[in-house]
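Asks: Got a sequence here, can you build the structure:
(4 chains)
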Protein chains: 4
Amino acid sequence: MAMMKAAIFVEPGRVELADKRVPEVGPLDALIRITTTTICGTDVHILKGEYPVSRGLTIGHEPVGIIEKLGSAVSGYHEGQRVIAGAITPSGHSNACLSGCGAQCGTHSPGGWQAMGGWRFGNTIDGAQAEYLLVPDAMINLAPIPDGLTDEQVLMCPDILSTGFSGAESGGVRIGDTVAIFAQGPIGLCATAGARLMGAARIIAVEALPERAALAQAMGADHVVDFNCGDPVAAIMALTQGRGVDVAIEALGRQATFEAALRVLRPGGTLSSLGVYTEDLRIPLDAFAAGLGDHRIVTTLCPGGKERMRRLMGMIASNRIDTGRFVTHRFALDEIAHAYTVFGQQQDGVIKVAIRP
Amino acid sequence: MAMMKAAIFVEPGRVELADKRVPEVGPLDALIRITTTTICGTDVHILKGEYPVSRGLTIGHEPVGIIEKLGSAVSGYHEGQRVIAGAITPSGHSNACLSGCGAQCGTHSPGGWQAMGGWRFGNTIDGAQAEYLLVPDAMINLAPIPDGLTDEQVLMCPDILSTGFSGAESGGVRIGDTVAIFAQGPIGLCATAGARLMGAARIIAVEALPERAALAQAMGADHVVDFNCGDPVAAIMALTQGRGVDVAIEALGRQATFEAALRVLRPGGTLSSLGVYTEDLRIPLDAFAAGLGDHRIVTTLCPGGKERMRRLMGMIASNRIDTGRFVTHRFALDEIAHAYTVFGQQQDGVIKVAIRP
Amino acid sequence: MAMMKAAIFVEPGRVELADKRVPEVGPLDALIRITTTTICGTDVHILKGEYPVSRGLTIGHEPVGIIEKLGSAVSGYHEGQRVIAGAITPSGHSNACLSGCGAQCGTHSPGGWQAMGGWRFGNTIDGAQAEYLLVPDAMINLAPIPDGLTDEQVLMCPDILSTGFSGAESGGVRIGDTVAIFAQGPIGLCATAGARLMGAARIIAVEALPERAALAQAMGADHVVDFNCGDPVAAIMALTQGRGVDVAIEALGRQATFEAALRVLRPGGTLSSLGVYTEDLRIPLDAFAAGLGDHRIVTTLCPGGKERMRRLMGMIASNRIDTGRFVTHRFALDEIAHAYTVFGQQQDGVIKVAIRP
Amino acid sequence: MAMMKAAIFVEPGRVELADKRVPEVGPLDALIRITTTTICGTDVHILKGEYPVSRGLTIGHEPVGIIEKLGSAVSGYHEGQRVIAGAITPSGHSNACLSGCGAQCGTHSPGGWQAMGGWRFGNTIDGAQAEYLLVPDAMINLAPIPDGLTDEQVLMCPDILSTGFSGAESGGVRIGDTVAIFAQGPIGLCATAGARLMGAARIIAVEALPERAALAQAMGADHVVDFNCGDPVAAIMALTQGRGVDVAIEALGRQATFEAALRVLRPGGTLSSLGVYTEDLRIPLDAFAAGLGDHRIVTTLCPGGKERMRRLMGMIASNRIDTGRFVTHRFALDEIAHAYTVFGQQQDGVIKVAIRP
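Replies: Sure, this is the predicted structure:
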């Protein structure tokens, strides 16, 4: 019985490397040998015990690897193929999936919908921070990596890039729009890039860290507002001559940024929210025009599935965006505890880490 | 100089009939002789001082009448023509109007947008509870009444029907959806009718008053949940076997209904909000899946303009909906103070009143 | 080795009952015992040799039945369950499926798309006019029948109702629209019902047969234009006071109806085409405003998958539409040759037949 | 009575400079002193007599100028202001306008719609190739030029840029799409830029002239297919590994390009047509999957109105696109006959000309 190393959640504050069995491959599954993975802000929440998962679960939801073994009912792939899978792995057969909303996939839930049901890796099943990963519903989820792309070039596709772009997509950014993006972590940076790629005429990023501000401009921001240098709402209203923005994207998950996003929105605009919140949100009456401002508030969970991954990797292959540059630090899987420290505490200008088993 | 009777806001608690000059007609205006108008819930807020307007302003935004005089630059109409105008009177030339969002029309505002800027009658200019009404931007706003329709048949088009339908429209109701509508006042009833007209498979109305519950069923509700007989959220979840609804429409303007609408929504669903709120709203973290449930919250202010009115009157002319039945009480303009009492206090099973100068 | 009766394509002009083996059940499949099926216009094309299929193929794509056996990897169903499957059976894992377009599913095609690739029953694999039917990708395609609905009540869901509704859906019918539907065969009748269910204010059906004209009115048409009593384009333009229609639905598959649909369309309108054409189409320059009329021409192949079927059956369960009434004739499977004659030659006022093994 | 020079249509083959009265300014109009204008391919059609206009009409629909005089009912502008107006000048008050389709504006037509009714300059009223231009419905149509932009920088906004972008917009280009654009004249070049700005992953332009091929790459094309070097359909299918494109944009107006656009389209894709056709179009049965391929064919007439112009100029001000480079030749208004020769015969590598009164 083959064994492997895996980073597991032990208890709040402890993610440790442990020995686990290499998983059995069911008929619809694929076993992937992980070549590169990374740590997400959500993993840090798990580490801290802020988001509950089972003790002993392998963490991580951003896999790049090589097909080791295919389930008996899986066709269309071959062993040895380089692939990624999305952070969200829809089953393909829930009613949510068949409605185009695989992130809320609920194969055993009432009506086939379950909130966040598509998020399985490192949440409800073992994840990607390990030597091997079992990918369920492989024909839905395995996306071959185009020739010529490195692991690090596609490492952001499973979550960061898919989520970030979805912020602009769900916001309905149109040619000529003015867009504000609150927070320029990896997801906010990809939201900025998404707004630029969808044709925004003016992009205003909100960020205080200088290295992130610089990356925001590289991703397409025309202006970066430092929230430590005054009220960002006032700054954005001034930049837009009092008009406000057509689309505001929240990429942090706090009341302050949610509220600011609403306050800079013109009537009839869209607040596209990507953040993971940790407390109830408040909608101020005045910012909401008492409910009469034709406002839209939309939330989006990272779209998954192989077609999404194919499209994202196509953008990288065509040099529309370079997310490989987000990898500022590299670690072996053995060093993952240290990697969590560096990433979780935002040490040393880290944007994203690459973990290599 | 011709004079007329008009119901004006005197001070909180007092709307009274007063003598005013018949307005001068500018080049883009039309003067309408009001034949029938009504009182809206918003007017009651104004009466109570909950929504501030200038003292002396004529109240009311739901006009049915006859063209008395056309501005010098107005073509395409003739004096004596029976017309309505929407509660919302977009200018047609603001940037908001040209973006299809005339309710937020801001002709003198930054970028051409202003929250609720399209609402002028009885808000920023004299309204319809008078013998005569000046309609600005007449070529945008005057909609001829099809032959054969009575004043009362079209009386709900300017606000109630346009707003109610927009709740279903902005919710994106599709064939086969399950829809819940919270509160069955006149607007909620029209939202129920709108959901039915857009193809909802199951419609659940929430209402406690028996006469409104009966009307809800007449408008297309399959079930009516009485919130006095238990938690409406639990009732709706039971009716949907735990699945929740695809679209939830809020038609009251309270935290309780807003929150309940969110709680019955399936992941990926849309909360379409019509209510006028009077305090900050709270989004409970759990009902919002921490921001990861692919939820949409959309608000809509009554769409106006003559094309909207034409379409709504077409629905009445084709017997798709009968809103004339909402008129339960009739008053002369002289009796308007009494009409406010009956309507504002929901006396005598009133749904809507007709006021005739 | 179990045997069964099946209606197979022998050669042009001959569909005959034959003995075939009951299919083997693969891991993702389900075997259905057919309790009711029907004949589609497309089957008549196959019979005539106008649409080519392999000799020996079992015909038919409209199954109602009972689960006899489930594949080893299929969960969420149980043997003995009453189910339907759509005429179109998407795999769920093609790129087309993951883009919400399972009708063009291409699991082995470039990029995962194939024109009509989702249509398998009675086209590329054995179909439903048999005692047993093998349903591929069962978890995507099997839809349980709600309690209380008979076979005949749901018999139109797999194709006729799904296709007909999609004509209105792809046309984007909105509350207040005027819609024309060309031809009132079973699909056109469902398109008429779909337009009504989506809120059309005026519906004009084009049909010459009196019994179909009567059904069109029962399905929601306000007017029926008999194309034998004059030019239907002129009639529709007269009915709309020269304005034309917002949406025109083609449900026959001929140049004459396609062209008429375009000619009655207002600028900016949508021609939603459902017909199966048999020759090149011509777009007249004048009807197309030389390409400057903001026209849209959209085609739709019957949407499939279990979620679609669930929604359609929900409409029947809620009494939004009664397609059971389309069944005018009933035959045993043994009588299928006769059934083809009656249906194919439109004898005896037939709308649809029910075939019972 | 002031006189001016204007380029008028005399008879097929003759556009000549003539003396005309400076127009009277009605209450809703504005008089613009033209500082720069240009010649469009449509003007060449008019010159040749292929598109009929009244004899004596002033040609041209692409105005850049300075407000000379405002109508008595026009507010929000001031004389001396630098402005443009779209080639299409919607009235703002037709039912088409109020439905968001001002290009089909029909103020005096049945129902308020008229094919191409929004195109007035140089078609139904005097146009822009003159010293002065009367702009109707000025508050809808006058768009102030942002500080710092030159006449030539904004000269493409009224028609070329608005039309070209609309090809990508109506095509619904999404992040990750593959897009083909047929013909790289000024409009095709802007369509290419639009596809790039909306996030296309791969852009294939079809063009034979080397200078246009080079511009296509500058505008964002990844590949340029020369239709003189083999069948462009085969070339595009090879470039896409047999998959075809998600969106195909036709920017020439010929059967050959229309048909090729359809043939390279994947099932479920959109053919976005911008061309002005001169004969009936043919849809080949096989390229159309007999009507079962979920294809969409959409046509778009240049969107106009001041909000559209504002957004387009915003894109130029933000350096998202540089259409000033399209101006390859400059002429005085006196030289306009020569300018027509150079532009109409595509002499000397001309892309667009600037005409200065």
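Asks: List the contacts of the closest residue to chain D within the stretch 51-200 of chain A.
Replies: Using Cβ to the nearest Cβ, residue A:176 is the residue of the stretch 51-200 of chain A that sits closest to chain D, at 3.0 Å. (Glycine included, C-beta is placed from N, CA and C.) Under the criterion of Cβ atoms under 8 Å, 6 or more residues apart in numbering or on different chains, the neighbours of residue A:176 are A:199-201, D:310-312, D:314-315.
Asks: All the strands of the stretch 201-350 of chain A, residue numbers only.
Replies: A:202-206, A:223-225, A:245-250, A:265-273, A:281-283, A:296-299, A:327-332 (DSSP state E, counting those that start in this stretch).
Asks: Now the last one: buried residues?
Replies: This points to strand A:327-332. A:327, A:329, A:331 (16 or more other Cβ atoms under 10 Å in any protein chain shown).
Asks: which parts of the stretch 51-200 of chain A sit against chain B?
Replies: A:96, A:99, A:101, A:103-104, A:106, A:109-111, A:113-117, A:119 (Cβ under 8 Å from any Cβ of the partner chain).
Asks: try it again with 7 Å
Replies: A:96, A:101, A:103-104, A:110-111, A:113-116 (Cβ under 7 Å from any Cβ of the partner chain).
Asks: tell me which of the buried residues of strand A:327-332 is nearest to residue B:181?
Replies: residue A:327 (49.9 Å; Cβ to Cβ).
Asks: Show me chain A divided up by domain.
Replies: What the record gives for chain A is the domain set A:3-85+A:121-155+A:323-356, A:160-299, from automatic domain parsing.
Asks: Is the first one in proximity to chain D?
Replies: No. Residues of domain A:3-85+A:121-155+A:323-356 contacting chain D under Cβ under 7 Å from any Cβ: none, with a closest distance of 10.8 Å.
Asks: Would that domain count as contacting chain C?
Replies: Yes. Using Cβ under 7 Å from any Cβ, domain A:3-85+A:121-155+A:323-356 reaches chain C at A:27-28, A:72-73, A:76, A:139-140.
Asks: what two of those residues are the furthest from one another?
Replies: A:72 and A:140, at 16.4 Å, using Cβ to Cβ across those.
Asks: Give me the neighbour count for residue A:344.
Replies: 17 (other Cβ atoms under 10 Å in any protein chain shown).
Asks: typo on my end, it should be residue A:48
Replies: 12.
Asks: before we move on, what about residue A:175?
Replies: With other Cβ under 10 Å as criterion, residue A:175 counts 23.
Asks: do the same with the one 5 residues further on
Replies: Using other Cβ under 10 Å, residue A:180 has 34 neighbouring residues.
Asks: can I assume it sits in a strand?
Replies: Yes. Assessed with DSSP: H, G, I helix; E, B strand; the rest coil, residue A:180 lies in a strand.
Asks: I figured it hits residue A:245, correct?
Replies: Yes. If you go by Cβ atoms under 7 Å, residue A:180 and residue A:245 touch, sitting 4.6 Å apart.
Asks: So for those two, which residues contact both of them?
Replies: A:236, A:264 (Cβ atoms under 7 Å, 6 or more residues apart in numbering or on different chains).
Asks: on that earlier part again, a markdown table for the domains of chain A, including distance to residue B:234 and mean pLDDT?
Replies: Listed next are the domains of chain A as a markdown table, based on distance: least, Cβ to Cβ, whole Å; pLDDT from 0 to 100:
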| stretch | distance to residue B:234 | mean pLDDT |
| --- | --- | --- |
| domain A:3-85+A:121-155+A:323-356 | 25 | 97 |
| domain A:160-299 | 21 | 97 |
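Asks: Specify which member of the residues of domain A:3-85+A:121-155+A:323-356 next to chain C is nearest to residue A:87.
Replies: residue A:140 (13.8 Å).
Asks: got the contact list for that closest one?
Replies: Contacts of residue A:140 by Cβ under 7 Å, 6+ apart are A:90-92, A:305-306, C:92-93.
Asks: now for the residues of the stretch 51-200 of chain A next to chain B, which pair is the farthest apart?
Replies: A:103 and A:110, at 17.2 Å, using Cβ to Cβ across these.
Asks: Between those two, point out the one with more neighbours.
Replies: Neighbours were counted for residue A:103 and for residue A:110 using other Cβ under 10 Å; residue A:103 has more, 30 against 15.
Asks: Do I have it right that that one meets residue A:305?
Replies: No. Residue A:103 is not in contact with residue A:305 according to Cβ under 7 Å; the separation is 9.3 Å.
Asks: among the contacts of residue A:140, who's most crowded?
Replies: Ranking the contacts of residue A:140 using other Cβ under 10 Å puts residue A:90 first, with 31 neighbours.
Asks: Touching, it and residue A:305? I think so.
Replies: Yes. Between residue A:90 and residue A:305 there is a contact under Cβ under 7 Å: 5.5 Å.
Asks: Thank you kindly, that will do.
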